[in-house]
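K.L.:
I'll drop the sequence and a predicted model, then ask my questions.
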Amino acid sequence: MTQAVTTLLIFFALLFILYVIAIVYLMLKQSKSKRGKSISPDSLLVVYATQSGQSEQIATQTAEQLSHANQVELVSTEHLSAEQLQAAKQMIWVVSTYGEGDAPDQAQHFDQHILKSALDLSQQQYAILALGDRRYANYCEFGYRLNQYLQQNQAQPWFDLVTVDQMSQDDLSHWNNLLAQHFQQDLEISTQQREWQSIQLKSRRLLNEGSQGQPLYQVVFDCPKALQWQSGDILVIKCENSNQDLTDFHLLHSELNQIQLEQLRARNLRELPIRTYDQDLTQWLNRFKLLPLREYSIANICVEQQLTLVVRQEHKANELGLGSGLLTQGLKLGQSLSAHVRSNPSFQLLAGAQPAIFIGNGSGIAGLFGHIQHRIADAHYQNWLIYGERELAHDNIFAEELQNLKQLGKISELNRVFSRDDSTERYVQDILRLKAEILKLWMKQGAVIYLCGSLNMAQGVDEALQEILGADQLNDLRKSGRYRRDVY
């Protein structure tokens, strides 16, 4: 064997050894990453579970402000291990509840596995801030479920669980005060300042005339340039009373002058405070609660400063819903209301040309349609839409627009189902099961699933995806951001 050949063999042997070392290093690094970063048991652990980003925002503020006098670690429930939970001595939890009492998507594994395991937490003290919406029956349910688990495993709370209704600043102030007293330092944790903009109603169109379901409207606003959004974002509106609402109230309270009446435009006239004998009119009016905010998925990309919503008209106790009633009936063409855009990070469109599967029902078409427009604008045409409604005859909304996109090749797969029609496939999950092999192929190609619509629909889709892909793959999709939901 020549010297040159020997040298070459030694060279390749060294390369192979370096390759093996690199592979072992990467495997160890990946293993360590899966176990989660090392956290000192003496650290104050601030943990968040978020769907819209609000819990993360508050948790981040909390960690930053407490870090001046404490060793603080900030971590998501997605990356919190059972070992880290058991080792921690001080914990602050900031958790959202999603849908009807569910944990946020990225906290599903934590909720379904860690919260079902028995741990010795007797050395742990904690506080919980639970974010929710009182309009839902299971208000802050995930927060209460977490609190029950911690106490059952012998952890001790610093004070009672604190709930926050729709990011109420009063509720957050209560949380500030409790934390400040416990840590003996000033804290100021608040929501981001909203920049409210005036948007003007341009058009309104009934989409499902003759439907057995509640009316569904397309509502279009002219917006100032200061109002910017991306697909998947949420429009937050200030509810207000219509002119007719104020007129009707004035008939019952004729002593009100026009200035006082106008001041009630943003006040709740459906839940009046009791007027005591010693209160004058002004004192009574000052006790009227502000009307709540309402949120709607934006149905288009930001083009020519026109913003589109798809709104289901809600009826409760013989009254129109506060937000849907205003948008579909109370607000007249040319009139304006105050609104701002809220980012929706858990439902944002992932960049890239990978395939996209859009699944939804009802007014959920809004969030999906915005994403489809965005994908088409980026020349990404491997799009699959699965959409459900009631009847083909009356609820075939956006039929012409979607069919045109299909014919142009900008939507490669289009499946519509109607639950009240006589068909084998009546729900979106039926399509998933029927086309399971195509779904698996798309997922192998790196597809991202976007789901927008009702909670019942979402539960049916989850069950179908688990059957087709398996629980482990579905959980991996959630963790990697390839299963993104906006559910109500």
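P.N.:
Now that the structure is in, tell me what you want to look at. In this text the structure is predicted, and so the values were computed from the model without any measurement. Residues are numbered from 1 along each chain as shown.

K.L.:
Mind listing the strands the top strand by length along the chain pairs with, and their directions?
P.N.:
Determined from DSSP state E, the single longest strand within the chain is strand 197-206. Strand pairing for strand 197-206, using DSSP bridges, gives strand 216-222 (antiparallel), strand 336-342 (antiparallel).

K.L.:
Now the weakest link among those strands, please, by mean pLDDT.
P.N.:
Among these, strand 336-342 has the lowest mean pLDDT, at a mean of 94.

K.L.:
what sits up against the helix or strand following that strand?
P.N.:
Counting by DSSP states H and E, the next helix or strand C-terminal to strand 336-342 is strand 356-361. Strand 356-361 is contacted from outside by 349, 367-368, 371-372, 375, 380, 382-389, 428, 432, 439, 442, 447-454, 457, 461, using C-beta atoms under 8 Å, 6 or more residues apart in numbering. For every residue, glycine as well, the C-beta is placed using N, CA and C.

K.L.:
Convert strand 356-361 to PDB, retaining C-alpha atoms only.
P.N.:
The C-alpha coordinates for strand 356-361 follow below in PDB (Å, rounded to 0.1, in the frame of the first residue of the first chain):
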ATOM      1  CA  ALA A 356     -52.000  24.800   3.700                       C
ATOM      2  CA  ILE A 357     -55.200  23.100   4.800                       C
ATOM      3  CA  PHE A 358     -58.100  25.400   5.900                       C
ATOM      4  CA  ILE A 359     -61.000  23.900   7.900                       C
ATOM      5  CA  GLY A 360     -63.900  25.800   9.200                       C
ATOM      6  CA  ASN A 361     -67.600  26.400   9.500                       C
END
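
K.L.:
which residues are contacting the helix or strand just after that strand?
P.N.:
The helix or strand immediately downstream of strand 356-361 is helix 365-377, counting by DSSP H and E. Helix 365-377 has contacts (C-beta under 8 Å, 6+ apart) with 230-233, 296-301, 308-310, 347, 349, 356, 358-360, 381, 383, 385, 387, 397-398, 405, 410-411, 450, 452, 486.

K.L.:
One more pass at 7 Å, please.
P.N.:
231-232, 297-301, 309-310, 347, 349, 356, 358, 360, 383, 385, 387, 397-398, 410-411, 450, 452, 486 (C-beta atoms under 7 Å, 6 or more residues apart in numbering).

K.L.:
ok, which stretches of the stretch 101-250 of the chain are strands?
P.N.:
125-132, 156-157, 162-165, 197-206, 216-222, 234-238 (DSSP state E, counting those that start in this stretch).

K.L.:
These: which one's closest to R416?
P.N.:
The closest of those to R416 is strand 216-222. By C-beta to C-beta, the value is 14.7 Å.

K.L.:
What residues does F221 make contact with?
P.N.:
I199, Q200, L201, K202, Q306, L307.

K.L.:
Buried ones among these?
P.N.:
I199, L201, L307 (16 or more other C-beta atoms under 10 Å).

K.L.:
what's across from the second one in the sheet?
P.N.:
In this case it means L201. Under the criterion used here (DSSP bridges), L201 is bridged to F221.

K.L.:
And it, how far from D165?
P.N.:
For L201, the distance to D165 equals 28 Å [C-beta to C-beta, to the nearest Å].

K.L.:
Quick one: residues contacting S43.
P.N.:
S43 touches Q71, V72, E73, counting by C-beta under 7 Å, 6+ apart.

K.L.:
sorry, that was for W158
P.N.:
Q125, Y126, A127, H182.

K.L.:
hang on, the earlier thing: among the contacts of S43, which lie within helices?
P.N.:
Among the contacts of S43, no residue falls in helices (DSSP state H).

K.L.:
can you pull out the strands in the stretch 351-488 of the chain?
P.N.:
Using DSSP E, counting those that start in this stretch, strands in the stretch 351-488 of the chain cover 356-361, 383-389, 413-418, 448-453, 483-487.

K.L.:
Out of those strands, which gets nearest to A59?
P.N.:
Going by C-beta to C-beta, the one of the strands of the stretch 351-488 of the chain nearest A59 is strand 483-487, 20.9 Å.

K.L.:
Output the contacting helices and strands for the closest one.
P.N.:
Strand 483-487 is packed against strand 448-453, helix 455-469, with contacts defined by 3 or more C-beta pairs under 7 Å, 6 or more residues apart in numbering; DSSP states H and E.

K.L.:
Dump these into a markdown table; add mean neighbour count and distance to S43 as well.
P.N.:
Shown next, in a markdown table, are those (neighbours: other C-beta atoms under 10 Å; distance: least, C-beta to C-beta, whole Å):
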| stretch | mean neighbour count | distance to S43 |
| --- | --- | --- |
| strand 448-453 | 26 | 35 |
| helix 455-469 | 18 | 35 |
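
K.L.:
Including mean pLDDT and distance to A49, could those go into a markdown table?
P.N.:
Shown next, in a markdown table, are these (pLDDT from 0 to 100; distance: least, C-beta to C-beta, whole Å):
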| stretch | mean pLDDT | distance to A49 |
| --- | --- | --- |
| strand 448-453 | 97 | 19 |
| helix 455-469 | 94 | 18 |
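
K.L.:
want to try a markdown table for these, with distance to A226 as columns?
P.N.:
Shown next, in a markdown table, are these (distance: least, C-beta to C-beta, whole Å):
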| stretch | distance to A226 |
| --- | --- |
| strand 448-453 | 26 |
| helix 455-469 | 34 |
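
K.L.:
Show me the one of the ones you listed that comes nearest D160.
P.N.:
helix 455-469 (28.3 Å).

K.L.:
What angle do strand 356-361 and the closest one make with each other?
P.N.:
140 degrees (axes from the mean of the first three to the mean of the last three C-alpha atoms, to 10 degrees).

K.L.:
what's next to helix 455-469, contact-wise?
P.N.:
So helix 455-469 is contacted by 99-100, 359, 361, 388, 427-429, 432-433, 436, 439-440, 443, 451, 474, 485, 487-488 (C-beta under 7 Å, 6+ apart).

K.L.:
so that helix versus strand 448-453, what angle?
P.N.:
150 degrees.

K.L.:
chain center to helix 455-469, what's the gap?
P.N.:
Centroid displacement of helix 455-469 relative to its chain, using C-alpha atoms, centre = their mean, to the nearest Å, is 18 Å.
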